[in-house]
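1. Got a sequence here, can you model it:
(chains A, B, C and D)
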Protein chains: 4
Amino acid sequence: MIRVGILGATGYTALELIKILIRHPQVEIGALTTRQSGRPAVSQIHPSLAGKLDLPLEDLSPDEVVARCDCVFSCLPHAASAEVVKRLVDAGQRVIDFSADYRLNDAEVYTAWYGETHPDPERLGRVPYGLPELFAAQISEAPLVANPGCYPTAAVLALAPLLIARLVRREGIILDSKSGVSGAGRTPKLGTLFPECNESIAAYNVGQHRHTPEIDQLLGQLAGAPVETIFTPHLVPMDRGILTTAYTLPVGDLTEAAAAETLRDFYREHPFVTVVDSLPATKHVSGTNACHLAVRRVRERLLVFSCIDNLLKGASGAAVQNFNWMYGFPETTALI
Amino acid sequence: MIRVGILGATGYTALELIKILIRHPQVEIGALTTRQSGRPAVSQIHPSLAGKLDLPLEDLSPDEVVARCDCVFSCLPHAASAEVVKRLVDAGQRVIDFSADYRLNDAEVYTAWYGETHPDPERLGRVPYGLPELFAAQISEAPLVANPGCYPTAAVLALAPLLIARLVRREGIILDSKSGVSGAGRTPKLGTLFPECNESIAAYNVGQHRHTPEIDQLLGQLAGAPVETIFTPHLVPMDRGILTTAYTLPVGDLTEAAAAETLRDFYREHPFVTVVDSLPATKHVSGTNACHLAVRRVRERLLVFSCIDNLLKGASGAAVQNFNWMYGFPETTALI
Amino acid sequence: MIRVGILGATGYTALELIKILIRHPQVEIGALTTRQSGRPAVSQIHPSLAGKLDLPLEDLSPDEVVARCDCVFSCLPHAASAEVVKRLVDAGQRVIDFSADYRLNDAEVYTAWYGETHPDPERLGRVPYGLPELFAAQISEAPLVANPGCYPTAAVLALAPLLIARLVRREGIILDSKSGVSGAGRTPKLGTLFPECNESIAAYNVGQHRHTPEIDQLLGQLAGAPVETIFTPHLVPMDRGILTTAYTLPVGDLTEAAAAETLRDFYREHPFVTVVDSLPATKHVSGTNACHLAVRRVRERLLVFSCIDNLLKGASGAAVQNFNWMYGFPETTALI
Amino acid sequence: MIRVGILGATGYTALELIKILIRHPQVEIGALTTRQSGRPAVSQIHPSLAGKLDLPLEDLSPDEVVARCDCVFSCLPHAASAEVVKRLVDAGQRVIDFSADYRLNDAEVYTAWYGETHPDPERLGRVPYGLPELFAAQISEAPLVANPGCYPTAAVLALAPLLIARLVRREGIILDSKSGVSGAGRTPKLGTLFPECNESIAAYNVGQHRHTPEIDQLLGQLAGAPVETIFTPHLVPMDRGILTTAYTLPVGDLTEAAAAETLRDFYREHPFVTVVDSLPATKHVSGTNACHLAVRRVRERLLVFSCIDNLLKGASGAAVQNFNWMYGFPETTALI
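-> Model prediction:
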């Protein structure tokens, strides 16, 4: 049994994580933390856990977490997360970090996009990016894994095989992404109030979304040369799900069928990524750790459609998938 | 031209009010107020007014409002509203008050339910309740009208004709009401965050909702004896609309057809209330000032179904309907 | 390994059933049937199963089903279901029937509400009703189980302990129920088209819903005397979930706390029913086999709020719970 | 008073059209047609018109329509519409055609995309395209106007000023469009059933949507040379609204500010098109005839965001705007 802790357990990703871990036969939840005082029962914070988990949320120090847990999932906000994570890793804990803190390799890029001095810059560049479809070997061995962003997951799974095979150009990539509202978090804000965003679609943070450098870094790594995408996130009136419509420029006369075959070959051994014939819908992957991909050739462009559940394959499902790799459990444990 | 002002113009009812008043041929909007500083353009606060109304929201004193307006709509919160309204009425303004401050006749009941000492208790009991279907004569003459609550509007329009005609008993009335989320206002709160209330229905404030004494007072007035309803509000994942399912005990062997006929007769001259044969849906009245009613006899109960748009017939549409009566304009002006 | 078959595998309950059975360690899916020709892949009918289950839907005869399966879940429509089920049971198959065919004890009541002559009237009254919280002993031994209706499940779980303990009266029960749209099935109809029912709530089938005799029969059995409820179903713009607001007349001065304690005691050993303190929301049980209950005393009435997921505890989750009881597996297998 | 008729009055665009025409001071509705028999009351087909319009839907011949009306709005399907429209126009009626039949200039292109021989090919190329922001002069004089498609309206209003001014290139235009479900019509289909498309987003008809040639023809006309866009429509879980995210390649070093100024200048006299600073949301134009536009420069691309209500500016609002131009009424009559 692995005793796990969850730091910052009040949000949506923590809730999904708890739901999965309850089903995991090798996991015991040892600690749930919050900065709120009063040790609220987890079912007060997450009413859907009533009758399922009887634990309090506690305001614990890193030392207390270390004492109780073997492995820690950090759902803390960026910068705050690395502050704690570095202490946990230094103390020998294995950590899966949901924040962006260890995703970027370059502390200056981090500062440019997140407006903070990185609290643990020496580790940057040595922490594997938690996409087992690409980096399983490094994840297996790692004390610390950077759990990917939701948009980067959808984009990178769509494009990695094509960029690696040099079937699409690294220039001119447009990522038109659509996300459900849970991606904006659980802190009450005007923009995510029901009567504001229901029955409406709009773009947001155009040209300024913090997942941009993460996407570009990953795609650049895979393409072997810098990539600068045009990434446009949109908010869709639904709880969860991301659809990314990726517009790429094919090299040569790449057909739809050849592109689909390349994707199928690449993901043949990866149980969570499926290439489908019909156009994927976020509903088809909602509540699962799956990613559905499809390709279409339209005039001079090759379009790749990529659907994930932003809270699962885009966050908590991926985290448990990483956990399974780290501890040698079957990749799909608790995720089917 | 009547110059009107709107106090507290940042919320949903104010937005709907502005949209209606823009269409009103006899109205000029003279003032929009807010406690926010910086004189924001109305289109910054309400982006749907971009290109339609070019006015700032201003932090104005009551005197400034009096100087600029003939008639004032107050969308201020309870207690705060009466503080200002009494000064405006004393200064000779005509006022339509959206708050609950002048709806209850008894200052003690007000204090019991709203937890505040009433700022203007002498006026209570002399301010007409703004349902023109029942009180048009008083509204026409009044300097001040208490604009009704949304739930009371749906309930009272459903039951008034039957209680007045003594066709249903005043005991045992159950009001199971379902409302869209805009009824909860525009202040960000966890409970009305999209991922919390979307794809979900729940009851709230059971036994404690502040519209209870308002409903009981009105129905009691019409029945000629005290009424104590069981009123249960529910939150429905939709922007707007109220459906009240009213369970009543018929007197004698009242048939469905006779009950429907009573309602039809009562509302024959009232353009906004329609008795329909099929079961009404909130969507059929959404965006309008209409109320749709239907009756069904089920075993020993007579059920009345009542649908309104909570922001229109339940708030801003009713306010303009009252305004039209106060100034002698055709009742439907700007409301069709 | 139990080889199971699913008859009528194209609808929403079949999809949910398949998702659960894929996770069940003791189950192998042996047959999926449809009347459609062409042996479509299950992922063509249910795209969310792409990459998860690679089986065709086949137009099989009962004999072919018997040859391939140990246990059959029938998702066929009423009347059609009993036609096949009687042949399967006669051939020694164990069957869980999703239709209403074996829920009512009286063939005349069946004909009155379903407009059909019952195809297998001799079995009526001897088939256990598949609510293990009430009838686990009978279910364990049964060759055939009548899987409950979604509304009856929510209503009966709410009221059973109180009626059995004679804490509420069997007269005057009002059930105001609200359901998500998946309850209306997957056949395209105007009323469940997105732009018709989205952003709207309405009652439907008032006084005529076929779950009425089922609710009355069950509650009557528990109360030891006839029960005639007023049952009013409403359609809510959400995929799934039922909230039933039950209005009962308490016997004596039953307090809220005492009623809650009675419910808690009754369900102490039942993992899927939880009595909560706050008002339950359908979202809190969505995607699970849980039922959340809460009570409130309002004036002379005791209100019980009951939430389930109509497709899970209201259909496919309950079916697997019954299956687990029938085969001696832990009740929660594949359902956590 | 202009007596108007509406052909094919059962769908969503007809409903919106009726709602607007009821408010129009110069209009009397003389005929509503359907192929359904039985002369159903309009409120049976459109319950939201109960108490507002008391007319039957009738199965009328073109001659009967001519006898009763001065001007006809045709909401018939493509091909069927031109069959009737040509007879009406030949008989001297003025017609606004909602179908695609008179939008394309080339009968062969029509056949290629619509799979039908055009019933009235001689008129093609001489019927003005009903976007008064571009073609008001022709519309004013025309006996017949081709009411635009919803996607073309959003796309053309976004790009026309920039293409005319040669500020963006005609090559490489990508139109990622998102539409509410009402755009798919009122005929029950699996894909637009609530539980299928709610809580989901997906692309559809990629590379094959019939609005493609219409967009290309219009943009090509404005650019003075052929345009071949990549147009990708998506279905969004909301009733109404279109957001088009247009990715263009600017000519030279076009700034965001300069592009916005070009749009503002172009639409200065056009009351329904507003250039906004913040990113537009479909909700801000829902229920109105407005189009909100905004521009953003991201790396080498200029993005234009365009929001309309697909049923109003994308259909029935535009139709009445055209009607107002045709009869010399103020453009905004009945549309504010």
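2. sec struct for A:Glu28, please.
-> Secondary structure assignment for A:Glu28 (DSSP: H, G, I helix; E, B strand; the rest coil): strand.
3. Pull the contacting residues for it.
-> A:1-4 (Cβ atoms under 8 Å, 6 or more residues apart in numbering or on different chains). Where C-beta positions appear, they are placed from N, C-alpha and C, glycine not excepted.
4. now A:Thr262
-> A:161-162, A:165, A:167.
5. From A:Asp216, how far off is it?
-> 22 Å (Cβ to Cβ, to the nearest Å).
6. Tell me the buried residues in the longest helix belonging to chain A?
-> Secondary structure of chain A per DSSP state H: the longest helix is helix A:150-164. For helix A:150-164, burial by neighbour count (16 or more other Cβ atoms under 10 Å in any protein chain shown) applies to A:150-163.
7. now, which of the residues you listed sits nearest chain B?
-> Nearest to chain B among those: A:Cys150, at 13.9 Å, using Cβ to the nearest Cβ.
8. And that closest one, how far from chain C?
-> 19 Å (Cβ to the nearest Cβ, to the nearest Å).
9. Isn't that residue up against A:Gly314?
-> Yes: using Cβ atoms under 8 Å, A:Cys150 is in contact with A:Gly314, at 3.1 Å.
10. what touches both of these two?
-> A:183, A:242, A:308.
11. Reformat those as CSV; add pLDDT.
-> CSV is the format used below for the shared contacts of A:Cys150 and A:Gly314 (pLDDT from 0 to 100):
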residue, pLDDT
A:Gly183, 96
A:Ile242, 98
A:Ile308, 98
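12. Now for these, which sits with the most neighbours around it?
-> For the shared contacts of A:Cys150 and A:Gly314, counting by other Cβ atoms under 10 Å in any protein chain shown, the largest number of neighbours falls to A:Ile308: 35 neighbours.
13. quick one: contacts for it?
-> A:150, A:153-154, A:157, A:241-242, A:282, A:285, A:290-291, A:314.
14. so the residue of the stretch 51-200 of chain A found nearest chain B is in which element?
-> Of all residues in the stretch 51-200 of chain A, the one sitting closest to chain B is A:Pro188 (3.8 Å; Cβ to the nearest Cβ). Under the criterion of DSSP states H and E, A:Pro188 resides outside all helices and strands.
15. surely it meets B:Pro188?
-> Yes: contact status for A:Pro188 versus B:Pro188: in contact at 3.8 Å, counting by Cβ under 8 Å.
16. what residue ranges in the stretch 101-250 of chain A score low on pLDDT?
-> Counting by pLDDT under 70, the stretch 101-250 of chain A contains no low-confidence range.
17. could you pull out the strands for it?
-> Listed in chain order, the strands of the stretch 101-250 of chain A (DSSP state E, counting those that start in this stretch) span A:144-146, A:174-179, A:202-203, A:230-235, A:242-248.
18. Redo these as JSON lines? Include distance to C:Ala50.
-> Shown next, in JSON lines, are the strands of the stretch 101-250 of chain A (distance: least, Cβ to Cβ, whole Å):
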{"stretch": "strand A:144-146", "distance to C:Ala50": "28"}
{"stretch": "strand A:174-179", "distance to C:Ala50": "20"}
{"stretch": "strand A:202-203", "distance to C:Ala50": "29"}
{"stretch": "strand A:230-235", "distance to C:Ala50": "25"}
{"stretch": "strand A:242-248", "distance to C:Ala50": "16"}
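19. Now do the contacts for the nearest residue to A:Asn322 once chain neighbours are set aside.
-> Counting by Cβ to Cβ, 6 or more residues apart in numbering or on different chains, A:Asn322 lies nearest to A:Gly130, which is 4.4 Å off, once chain neighbours are set aside. Applying Cβ under 8 Å, 6+ apart to A:Gly130 gives the contacts A:96, A:139, A:145-148, A:318-319, A:321-322.
20. which one of the residues you listed is nearest chain C?
-> Nearest to chain C among the contacts of A:Gly130, counting by Cβ to the nearest Cβ, is A:Gln321 at 14.9 Å.
21. sec struct for that closest one, please.
-> Applying three-state DSSP: A:Gln321 is helix.
22. Tally up the residues packed near it, please.
-> 30.
23. So it sits against A:Leu335, correct?
-> Yes: contact criterion Cβ under 8 Å: A:Gln321 and A:Leu335 qualify, at 6.3 Å.
24. Of all the residues in the stretch 1-150 of chain A, which one is nearest chain B?
-> A:Tyr12 (6.5 Å).
25. gap between that residue and A:Ser182?
-> Applying Cβ to Cβ, the value for A:Tyr12 to A:Ser182 is 5 Å.
26. what residues do those two have in common as contacts?
-> What both A:Tyr12 and A:Ser182 touch, as defined by Cβ under 8 Å, 6+ apart, is the set A:311, B:195.
27. more crowded one of these two?
-> Taking other Cβ under 10 Å, A:Tyr12 and A:Ser182 do not tie; A:Ser182 has more neighbours (28 against 23).
28. Quick one: residues contacting the more buried one.
-> A:Ser182 is in contact with A:12, A:239-240, A:310-311, B:195, counting by Cβ under 8 Å, 6+ apart.
29. What parts of chain A come near chain C?
-> A:22-23, A:43, A:47-48, A:50-52, A:199, A:271, A:273-274, A:276, A:278, A:280-281, A:283-288, A:290, A:292, A:336 (Cβ under 8 Å from any Cβ of the partner chain).
30. okay if I get the contacts of A:Gly130 as TSV plus distance to B:Thr117?
-> What follows is the contacts of A:Gly130, written out as TSV (distance: Cβ to Cβ, whole Å):
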residue	distance to B:Thr117
A:Ile96	55
A:Ile139	64
A:Val145	59
A:Ala146	57
A:Asn147	54
A:Pro148	56
A:Ala318	56
A:Ala319	53
A:Gln321	59
A:Asn322	59
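31. Check those and tell me the two furthest apart.
-> Within the contacts of A:Gly130, two members stand farthest from each other by Cβ to Cβ: A:Ala146 and A:Gln321, at 13.6 Å.
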